[in-house]
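Colleague: predicted structure and sequence below. I'll ask about it afterward.
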Amino acid sequence: MQTATYTDRRAQLEEYFDRTAATTWARITSDEPVGRIRATVREGRDRMRETLLSYLPDDLSGQRVLDAGCGTGAFAVEAAQRGADVVAVDVSPTLITLARQRTTLVLDEGRVDFRVGDMSDASLGTFDWVVAMDSFIHYQATDLLALVSGLAVRTRRGLLFTFAPRTPLLSLMHTVGKVFPRGARSPDIVPIGEETLRRALEHHEAASGFTVGRSERIQRGFYTSQTMELARR
């Protein structure tokens, strides 16, 4: 599934999160004071993480979970605290280093296996649950579907991910962002309509053996994202 558009965007994301925005992202995902705009992003992400966790069983003992695009590791920690065996992967070595440092403060060693790498890497193995929070939002729809397809065949119980819903504001941001030179902007998000995505999943091999289930939009100021659930039949 390594298309040119996927590998190009993945490289952009690694560059952005590993260098350009590493310090900013570390602050947003911490308890440090931040400005009003970043505070809404923090609030939105916290709410989204809580929502995705609510889709999972309270007791994950003996179950294997993949945190695909784990960032600084907040979701991985909470899944591990429910008893899960968590593999947490991200393209950014800087964020993985920070995730390991933070995790040692709240978990016993070895509860989360943090790795630098590609979330689509089949060598990561199979999982009961795969969760991808805000890690698909930068990819074209065809690459998003390919990601879901590749992960779904290695998922025993459920795949949860978020996407950027097609709203007037996000569509405007996507269009205006293309005006700026690549070096002057972060990797843009790619909005997709909920019904368009749902229909595509229902007719795509990615959803074979799965039911396309719950979807919930979280909007807090400058943060907008939406869940999508694939539950094994």
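Modeller: Yes, it's here. Not measured: the values here are computed from a predicted model.

Colleague: contacts and neighbour counts: CA atoms only from here.
Modeller: Noted.

Colleague: you'd agree residue 215 is up against residue 230?
Modeller: No: the criterion here is CA atoms under 8 Å, and residue 215 misses it with residue 230 at 9.9 Å.

Colleague: higher neighbour count, these two?
Modeller: Neighbour tally, residue 215 and residue 230, criterion other CA atoms under 10 Å: the higher count belongs to residue 230, 25 against 15.

Colleague: is it correct that the more buried one falls within a helix?
Modeller: No: according to DSSP: H, G, I helix; E, B strand; the rest coil, residue 230 belongs to no helix; its state is strand.

Colleague: mind listing what it touches?
Modeller: The neighbours of residue 230, taking CA atoms under 8 Å, 6 or more residues apart in numbering as the test, are 158-160, 207, 210-213.

Colleague: longest helix of the chain?
Modeller: Longest helix of the chain, by residue count under DSSP state H: helix 36-54.

Colleague: that one packs against which elements?
Modeller: helix 22-28, strand 217-220, strand 223-232 (3 or more CA pairs under 8 Å, 6 or more residues apart in numbering; DSSP states H and E).

Colleague: neighbours around the nearest residue to residue 221 once chain neighbours are set aside, how many?
Modeller: Distances taken as CA to CA, 6 or more residues apart in numbering place residue 40 nearest to residue 221, at 5.2 Å, with adjacent residues excluded. Residues near residue 40, counting by other CA under 10 Å, number 19.

Colleague: and what of residue 219?
Modeller: By other CA under 10 Å, 17 other residues sit near residue 219.

Colleague: would you agree it is in contact with residue 44?
Modeller: Yes: in this structure, residue 219 is within contact of residue 44 by CA under 8 Å, at 6.4 Å.

Colleague: ranges for the strands of this protein?
Modeller: 64-68, 85-90, 112-116, 127-132, 155-163, 210-212, 217-220, 223-232 (DSSP state E).

Colleague: between the ones you listed, which one is nearest to residue 28?
Modeller: With CA to CA as the criterion, residue 28 lies closest to strand 223-232 of the strands of the chain, at 12.2 Å.

Colleague: picking up where we left off before, minimum distance to residue 143: which of the strands of the chain has it?
Modeller: Using CA to CA, the nearest of these to residue 143 is strand 155-163, at 12.3 Å.

Colleague: now do the closest one against strand 127-132, angle only.
Modeller: Using axes from the mean of the first three to the mean of the last three CA atoms, to 10 degrees, the direction of strand 155-163 lies 10 degrees away from that of strand 127-132.

Colleague: what packs against strand 155-163?
Modeller: When contacts are defined as 3+ CA pairs under 8 Å, 6+ apart, strand 155-163 sits against strand 127-132, strand 223-232.

Colleague: columns distance to residue 189 on top of these, output as TSV?
Modeller: Listed next are the helices and strands packed on strand 155-163 as TSV, based on distance: least, CA to CA, whole Å:
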stretch	distance to residue 189
strand 127-132	15
strand 223-232	10
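
Colleague: and the residue nearest to residue 194 when sequence neighbours are not counted, what are its bridge partners?
Modeller: Distances taken as CA to CA, 6+ apart place residue 165 nearest to residue 194, at 6.3 Å, with adjacent residues excluded. Using DSSP bridges, the bridge partners assigned to residue 165 are residue 192.

Colleague: okay, residue 165: pLDDT?
Modeller: Listed pLDDT for residue 165 reads 95.

Colleague: just the one 5 residues further on next, same as before
Modeller: Turning to residue 170, the model gives it a pLDDT of 57.
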